[in-house]
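> give me a 3D structure for the following:
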Amino acid sequence: MPDKDETCNDLDRAMHAAQARLTGGMSMTALALAWTDWALHMADQPGRQMQLARQAVSDWTSLTRQALGLEFSPLEPEPQDHRFRDQGWQHGPAALAAQSFLRTERFWDQATKNIPGVSLENERIVNFAARQILDVIAPTNFPCCNPEVLTKAQATSGESLRQGAKNLVADLRSVGNTKVQPLPMKPGKDVAITPGQVVFRNDLLELIQYSPETDTVRPEPVLIVPAWIMKYYILDLSPRNSMVKYLVSQGFTVFCISWRNPDASMRDVSLDDYRGLGTMAALDAISAICGKETKIHATGYCLGGTLLAITAAAMARDHDERLASITLLAAQTDFTEAGELQLFINDSQLHFLDDAMWSQGYLDSKQMAGAFEMLRANDLVWSQMIRRYYLGEQDHPNDLMSWNMDATRMPYRMHSDYLRKLFLNNDLAEGRLEAGNRKISLADIHLPFFVIGTETDHIAPWRSVYKLQQLNSSDFTFVLTSGGHNAGVVSEPGHPHRHFCKLERKSGDLFIPPDEWQTLATCEEGSWWPDWAGWLSKHSGKPVNPPQTGAPKAGYPVLEPAPGQYIFQR
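Sure thing, here's the model as predicted:
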């Protein structure tokens, strides 16, 4: 007979899994608790209600003056809000609609922030939910109110609307289609084509060693650790913007991890397994290929950088001195200000997510993509709807867009581990995280750091990335680059409209707060890649002959050409 308690637990998990499919992974319980917290505290503060009432009267007065053609001060949208950039929104009824929406948006932003007594996590949830509701009713989403849509429809004699209807029908037909859609740009053919060989494979990763392009190379190889929530070739896109190819062309021997795309058989793989079977296994392979005394420049992107920091701290604890330097690309180590992803991180939400993942053993790529779409609904949902269905435009995927379609899954246990231990409890920054059943500390790392933050990163805000300087006193070069989480990293030389700011801190120097850092940093136009390559060279030895490819005698034979097998798992 099945255990009755377990049967009840299975029922709860099944119900939560069904709810998650309808809500994009958002717990309705967490949402209800947040709104209740806000509503009760707001009801108990008549003074704050009076402030908001005065603001509402002021806004309606301004709108009335605008409608009557009298002088008024228009409210400008936030810099990242491009919905009203078309000139048609600057005059006539469209301008009135835009100003009405912007003032409503500002009102609810003020009404849901800084309410005494409301917990910070509930404040974030309520503010986010209010923005989501307002985004649905934005005047840009209604064709009869959108001057850009009306102008194009008139200019094309309605052809744009006819084409938009075709796009809508095609998308509706694809709903529920479980067949994996082909990628516009194929790995190994259009992207991920830097020459190399797979020299190691286990159940978690493939290790790629790239072929040298120069007669001599720096003696210290570079290991790239990408995040396991993405395919590695974000750093090896087209040859023109491949970071891997750039490093190879600058005389570095480059190794890169290609993570396996998890399935249900990997449900019990833990965060520490990603360290032991992942980064440590890759380092062992590189040491066997390049020599046991060889130092390694380690580079981690996003959560791959977090994993690298965990690995480096465990190595320092264990007196493993194989690393020469650490580069972190948009990677957090302190998660107290971990961006908008914190909206989905509290006890109620994580309990819900655990149950939702339990039945299938992993977090599905569509569930994760839905969460990211909610965080950037203006750009990833509503703007796309307007472009495809109202303006009748077709998709013209580039390499980055194609990569973004190539989503991955995450094992149940690992995903639960890093959400709870890193995002919720902040165990890494506060010295409670264990690696190999022993605690680690980031303060133990005594290596030069090169750390990248990006200006408009909503996943790893640069001020959050910057906090590593409060956790470690080593030589520290911090670079703030233009762009977001992906575009700020994939910022190759020659890319227009790029800039970066940089400041070095020597070991023993006093901490500089981020706002003060901005006033002291030196800024330059162009890509940060050459500056990083120069920094790596500065911490490297004189060029030598390239190492062998693989090490068959040590158990690391050449298995097959890059990009390997794991990259094709979907």
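
> assign P143 to helix, strand or coil.
Taking DSSP: H, G, I helix; E, B strand; the rest coil as the rule, one finds P143 in the coil state.

> contacting residues around it?
149-150, 153, 161, 390 (CB atoms under 8 Å, 6 or more residues apart in numbering). The way it works is simple: take the backbone N, C-alpha and C, and place the C-beta from them, glycine included.

> quick check: of the residues you listed, which lies closest to H485?
Y390 (28.1 Å; CB to CB).

> quickly find the element holding the residue lying closest to that closest one once chain neighbours are set aside.
Closest residue in space to Y390, ignoring its immediate chain neighbours: V149 at 4.4 Å, by CB to CB, 6 or more residues apart in numbering. Here V149 sits within helix 147-155, counting by DSSP states H and E.

> so who does T294 touch?
219-221, 286-287, 322.

> which of the three states applies to it?
Per three-state DSSP, T294 ends up coil.

> same question, the one 3 residues further on
Here H297 is strand, with the state taken from three-state DSSP.

> quick check: it touching S537?
No - checked against CB atoms under 8 Å, the pair H297 and S537 is beyond contact range at 10.1 Å.

> and these two? Which one has more around it.
H297 (26 against 15; other CB atoms under 10 Å).

> for the more buried one, which non-adjacent residue is spatially closest?
Leaving aside its chain neighbours, H297 sits nearest to V222 (4.6 Å; criterion: CB to CB, 6+ apart).

> please enumerate the strands of the stretch 151-300 of the chain.
Secondary structure of the stretch 151-300 of the chain (DSSP state E, counting those that start in this stretch): strands at 196-201, 205-210, 222-225, 254-259, 296-301.

> and P546, which of those is closest to it?
Among these, strand 205-210 sits nearest to P546 (CB to CB), with 10.2 Å.

> mind checking how far that closest one is from the chain centre?
On the basis of CA atoms, centre = their mean, to the nearest Å, strand 205-210 is displaced by 23 Å from the centre of the chain it belongs to.

> name the residues that touch it?
For strand 205-210, using CB under 8 Å, 6+ apart, the contacting residues are 194-201, 244, 248, 253-260, 277-278, 281-282, 285-286, 289, 549-550, 559, 562-567.

> just the buried ones out of the residues you listed, please.
Buried subset of those (neighbour count, 16 or more other CB atoms under 10 Å): 194, 196-201, 244, 248, 253-260, 277-278, 281-282, 285-286, 289, 549-550, 559, 562-564, 566-567.

> does G483 touch T454 like I think?
Yes - in this structure G483 lies within contact range of T454 using CB under 8 Å: 5.3 Å.

> shared neighbours of these two, anything?
V489.

> neighbour count: those two, which is higher?
Neighbour count, other CB under 10 Å: between G483 and T454, T454 has more, with 26 against 20.

> can you tell me how far M357 is from P461?
Using CB to CB, to the nearest Å, M357 is found at 26 Å from P461.

> between the two, which one's more packed in?
Set M357 next to P461 and count neighbours by other CB under 10 Å: M357 wins out with 26 against 20.

> the more buried one belongs to a strand?
No - with three-state DSSP as the criterion, M357 is helix rather than part of a strand.

> against S73, how distant is the residue nearest to it when sequence neighbours are not counted?
Excluding its sequence neighbours, the residue lying closest to M357 (CB to CB, 6+ apart) is Y412, at 4.6 Å. Applying CB to CB, the value for Y412 to S73 is 53 Å.

> more neighbours, these two?
Y412 (24 against 8).

> what about the protein, any weak spots by pLDDT?
Along the chain, the model assigns pLDDT under 70 to residues 1-6, 10, 13-26, 176-179, 344, 365-376.

> try 50 this time
1 (pLDDT under 50).

> excluding sequence neighbours, find me the nearest residue to the spatially most central residue of it.
Centroid-nearest residue in the chain: I459, 4.4 Å away (criterion: CA atoms, centre = their mean). In space, and not counting its chain neighbours, I459 is closest to H485: 4.6 Å by CB to CB, 6+ apart.

> for that neighbour, give me its contacts.
302, 330, 454, 457-460.

> repeat that with 7 Å
With contact set as CB atoms under 7 Å, 6 or more residues apart in numbering, H485 has these partners: 330, 454, 457-460.

> again with G251
214, 216-218, 543.

> biggest separation within those residues, which pair?
Using CB to CB, the contacts of G251 reach their maximum pairwise distance at T214 and R218, which is 9.6 Å.

> more neighbours: which of the two?
Regarding T214 and R218, a neighbour count based on other CB under 10 Å identifies R218 as having more, with 23 against 14.

> thought the residue nearest to H297 was touching T299?
Yes - applying CB atoms under 7 Å as the test, V222 and T299 come out as touching, 6.1 Å apart.

> who does T454 form a beta bridge with?
T481 (DSSP bridges).

> tell me the buried residues in the helix holding V149?
For helix 147-155, by 16+ other CB under 10 Å, it's 147-150, 152-153.

> from these, which is closest to Y232?
Distances from Y232 to the buried residues of helix 147-155, taken by CB to CB, are shortest for E148, at 38.3 Å.

> so the closest one versus H446, what's the distance?
56 Å.

> coming back round to it: next, format the contacts of T294 as TSV and append distance to A316.
Formatted as TSV, those follow (distance: CB to CB, whole Å):
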residue	distance to A316
P219	22
E220	18
P221	20
I286	18
S287	17
R322	11
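
> now, which of those residues sits nearest D190?
Looking across these and measuring by CB to CB, the closest to D190 is P221, at 26.9 Å.

> can you give me the neighbour number for Q99?
20.

> where do the strands of the stretch 301-450 of the chain begin and end?
Using DSSP E, counting those that start in this stretch, the strands found in the stretch 301-450 of the chain span residues 323-329, 362-363, 410-411, 434-435, 438-439, 449-454.

> closest to D109 out of these?
Between the strands of the stretch 301-450 of the chain, strand 449-454 lies closest to D109; by CB to CB that is 23.8 Å.

> how far away from the center of its chain is that closest one?
That offset, for strand 449-454, works out to 15 Å (CA atoms, centre = their mean).

> let's number from 33 now, not from 1
With the count now opening at 33, the last piece we talked about shows up as strand 481-486.

> packing partners of whatever helix or strand comes next after it?
Of the helices and strands lying after strand 481-486 in sequence (DSSP H and E), the nearest is helix 494-498. With contacts defined as 3 or more CB pairs under 7 Å, 6 or more residues apart in numbering; DSSP states H and E, the packing partners of helix 494-498 are strand 481-486.

> grab the nearest non-local neighbour of E191.
Per CB to CB, 6+ apart, closest to E191 is G424, 6.9 Å.

> looking at it, the one you found is touching G190, isn't it?
No - using CB under 7 Å, G424 is not in contact with G190, being 9.6 Å away.

> so between the two, which is more surrounded?
It is G424, of G424 and G190, that has more neighbours when counted by other CB under 10 Å, with 22 against 12.

> quick one, what contacts that one?
Here G424 is in contact with 191-193, 195-196, 199 (CB under 7 Å, 6+ apart).

> selecting buried members of these in ChimeraX, what would you type?
The ChimeraX command for the buried members of these (criterion: 16+ other CB under 10 Å) is given here:
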select :192,193,195,196,199
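
> restricted to helices, list the contacts of G424.
Among the contacts of G424, the subset assigned to helices under DSSP state H consists of 191-193, 195-196, 199.

> enumerate every residue touching the residue nearest to F116 when sequence neighbours are not counted.
Leaving out its chain neighbours, the residue that sits closest to F116 by CB to CB, 6+ apart is A130, at 4.8 Å. Contact analysis of A130 by CB under 7 Å, 6+ apart lists 116, 121, 171.

> and Q229, by the same measure?
Here Q229 is in contact with 241, 581-582, 590, 593-594 (criterion: CB under 7 Å, 6+ apart).

> many thanks, have a good one.
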